[in-house]
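Participant: Show me how the following folds:
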Amino acid sequence: MKVTCGTDIIEIYRIRESIEELGEAFLKRIYSSDEIEYCESRKKQKYQHYAARFAAKEATFKAISSLLPLRFSFGWKDIEVTKDGQGRPSIVLAQIIQEQLKQYIENIDISLSHCNQYATANVVVLWREGNES
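Facilitator: Residues are numbered from 1 along each chain as shown. Just a heads-up that it's a prediction; the model follows:
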């Protein structure tokens with residue numbers, strides 16, 4: 001069994017500035033429509049939620065990239081942050097990543113946190129037996 005992890009932290013003002021300067025072009029390049037809908041629903045805290053999701057995408061890439069044969073063959077929206085049935089954040093990998101890794105991934109666990117200045121994400125991936133690369 002193999003466990004990999006990824007961590008990322010980002011200053012929220014950087015995401016806010018990107019959204020304010022680039023607008024929809026930035027949002028549509030980085031986030032899925034469901035992620036945008038969720039973050040926009042958070043009103044005054046929307047930038048914290050956008051930043052947390054950005055950090056989650058970075059942390060997920062860090063946790064899985066060493067085992068991806070084509071590690072730069074996908075984009076930002078190929079890693080999506082959703083909510084599970086109990087409201088906890090979870091990761092959904094796009095088909096392009098699933099084709100490369102799905103048979104090896106046992107579980108992905110994610111933790112998000114944010115305050116006024118920073119957002120952070122921790123991702124832990126548990127790999128199935130036989131993938132000890």
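Participant: Give the buried residues for the least confident helix or strand in the chain by mean pLDDT.
Facilitator: Sorted by mean pLDDT, DSSP states H and E, the helices and strands of the chain end with helix 95-101, the least confident at a mean of 72. Across helix 95-101, burial judged by 16 or more other CB atoms under 10 Å covers Ile97, Gln100, Leu101. C-beta here means a position set from N, CA and C on the backbone, and glycine is covered the same way.
Participant: now swap in stretch 83-92 and tell me
Facilitator: Pro89, Ile91.
Participant: which residues touch it?
Facilitator: Tyr38, Ala56, Thr60, Ile79, Glu80, Val81, Thr82, Ile108, Ile110, Ser111, Leu112, Val123 (CB atoms under 8 Å, 6 or more residues apart in numbering).
Participant: List buried members of those by neighbour count.
Facilitator: In the contacts of stretch 83-92, the ones that pass as buried (16+ other CB under 10 Å) are Tyr38, Ala56, Thr60, Ile79, Glu80, Val81, Ile108, Ile110, Leu112, Val123.
Participant: Mind checking what secondary structure the most centrally placed residue in the chain has?
Facilitator: By CA atoms, centre = their mean, the chain has its centre lying nearest to Lys57, at 2.5 Å. Of the three states, Lys57 takes helix according to DSSP: H, G, I helix; E, B strand; the rest coil.
Participant: cool, Cys5 as well?
Facilitator: Applying three-state DSSP: Cys5 is strand.
Participant: Strands of the chain, residue ranges please.
Facilitator: Along the chain, the stretches classed as strands by DSSP state E are 2-11, 79-83, 89-93, 105-114, 118-127.
Participant: The first one packs against which elements?
Facilitator: Using 3 or more CB pairs under 8 Å, 6 or more residues apart in numbering; DSSP states H and E as the contact criterion, the neighbours of strand 2-11 among helices and strands are helix 46-64, strand 118-127.
Participant: Tell me the strands beside that strand, with direction?
Facilitator: strand 118-127 (antiparallel) (DSSP bridges).
Participant: Next, the angle from the partner strand to helix 46-64.
Facilitator: Here the directions of strand 118-127 and helix 46-64 differ by 30 degrees (axes from the mean of the first three to the mean of the last three CA atoms, to 10 degrees).
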